[in-house]
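In: sharing a sequence plus its predicted fold:
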Amino acid sequence: MAVTIREVAQAAGVHVSTVSRTFSAPNLVNAETRERVIAAAAELGYRPNLAARALTTGRTNNLGLIVADIANPFFPPLIKAAQSYARVRGYQVFVADTDEDPRVEEELIGTLARQVDGVLLVSPRLSNAAIVRLGADLPFAVVNRRVKGMPAVLMDVGTGAGAAVDHLAGLGHRRLVVLGGPRNSWTSGQIRRAAGAAAERHGVELSYHGPNAPTEQGGYRAAAAVLAAGATGVIAYNDLMAIGAIEGLATAGAEVPRDVSVVGVDDTVAGRLNRPKLTTIAMPTQTAGRAAVDLLLQAIDEAASGTVQMILETDLVVRDSTGPRVAVERRV
């Protein structure tokens, strides 16, 4: 039998009306109570009556979620977490993929605008000006992009990049290279700036090679630039690029980590399965997915200030793709 609103109220220790407000007007419920009700609903498997709510609110109870590349293993955990959390909040999620093309991204926003109450933009490739323009008529929340006046969830990849430079410098590496990602990537810019500051602090040389396709093939092609720079340490835009760079280095006769140490970003399954296992900056993708939905729903209910930004910590996970600099001539 379907779980009733009364059962949720009893489990959460609140009145039935509080449960109703949690799903219809969450801005009227304090955060602690709201989270308790949502947790109870999730545990019991409660689903709000969407048809009834749509009649009273005029909303679709749908959200759009647009990602840069659904084939990139960074995105699926975020998508699943966002969908699961949105479902508990009484919303369904339409997922769309831009294939790293800002023109497609703008087209998708226009298409979804007629079917959803708000849109999550995850690692958008559009310019900030375009995002602000398109968000004038539809609530947005953005992941990994700082846009003035717009709610955002930011994964602190800059701190992770600084930790990666600390790690490589501590292993004796004196010449590093950052393999950047797409041209309009906020994450790529954060990595470049933070790594540069950390390199200056350690007195090590750091060069930048980019933009690059954020794919295994992009990393493979960038391996030549690593060798040309004489670098013994690499920080790649993401795990896919790091894995591709390792393949490219191996093709050229350079072994990881004997000749070159490589650090990725994301901590995806692909990096954990790679050989050598990838040292990487772990990104809290599932937490980001849930947080982004929460901010978007607040924006839809006009309960969130446009400047709300949530910053999530990242961690450097050291595995097998980094090691001490070997003071011998590289065999390539």
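Out: Good, I have the coordinates. Since we're looking at a predicted model, the values are computed, not measured.
In: only C-alpha atoms from now on, for both contacts and neighbour counts.
Out: Fine.
In: from what I can see residue 66 touches residue 98, true?
Out: Yes. Contact criterion C-alpha atoms under 8 Å: residue 66 and residue 98 qualify, at 7.1 Å.
In: and those two? Which one has more around it.
Out: Between residue 66 and residue 98, counted using other C-alpha atoms under 10 Å, the more crowded position is residue 66 (24 against 19).
In: any idea which helix or strand carries that one?
Out: In the assignment (DSSP states H and E), residue 66 maps to strand 62-67.
In: dump the helix or strand following that strand to CSV, restricted to CA.
Out: Sequence order places helix 75-88 as the next helix or strand after strand 62-67, per DSSP H and E. Extracted in CSV, the C-alpha atoms of helix 75-88 (Å, rounded to 0.1, in the frame of the first residue of the first chain):
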residue,chain,number,x,y,z
PHE,A,75,28.6,13.2,-14.2
PRO,A,76,26.5,10.0,-13.6
PRO,A,77,27.0,10.0,-9.8
LEU,A,78,25.9,13.6,-9.6
ILE,A,79,22.9,12.9,-11.9
LYS,A,80,21.8,9.9,-9.8
ALA,A,81,22.1,11.8,-6.6
ALA,A,82,20.1,14.8,-8.0
GLN,A,83,17.4,12.6,-9.4
SER,A,84,17.0,10.7,-6.1
TYR,A,85,16.8,13.8,-4.0
ALA,A,86,14.5,15.6,-6.4
ARG,A,87,12.1,12.6,-6.4
VAL,A,88,11.9,12.7,-2.6
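In: quick check: angle from helix 75-88 to strand 62-67?
Out: Counting by axes from the mean of the first three to the mean of the last three C-alpha atoms, to 10 degrees, helix 75-88 lies at 170 degrees to strand 62-67.
In: how big is the angle separating the helix or strand following helix 75-88 from strand 62-67?
Out: Per DSSP H and E, the first helix or strand lying C-terminal to helix 75-88 is strand 92-97. Calculated by the same axes, to 10 degrees, strand 92-97 forms an angle of 20 degrees with strand 62-67.
In: quick check, pLDDT for the residue nearest the centre of the chain.
Out: Closest to where the C-alpha atoms of the chain average out (C-alpha atoms, centre = their mean) is residue 285, at 5.3 Å. Note for residue 285: predicted pLDDT of 97.
In: show me what contacts the nearest residue to it once chain neighbours are set aside?
Out: Take residue 285 and drop its neighbours on the chain: the residue closest to it by C-alpha to C-alpha, 6 or more residues apart in numbering is residue 78, 4.9 Å away. Residue 78 is in contact with 285-290, counting by C-alpha atoms under 8 Å, 6 or more residues apart in numbering.
In: make it 10 Å
Out: Counting by C-alpha atoms under 10 Å, 6 or more residues apart in numbering, residue 78 touches 67, 84, 122, 284-290, 292.
In: sorry, back to before: quick check: the residue nearest to the centre of the chain vs residue 157, distance?
Out: 12 Å (C-alpha to C-alpha, to the nearest Å).
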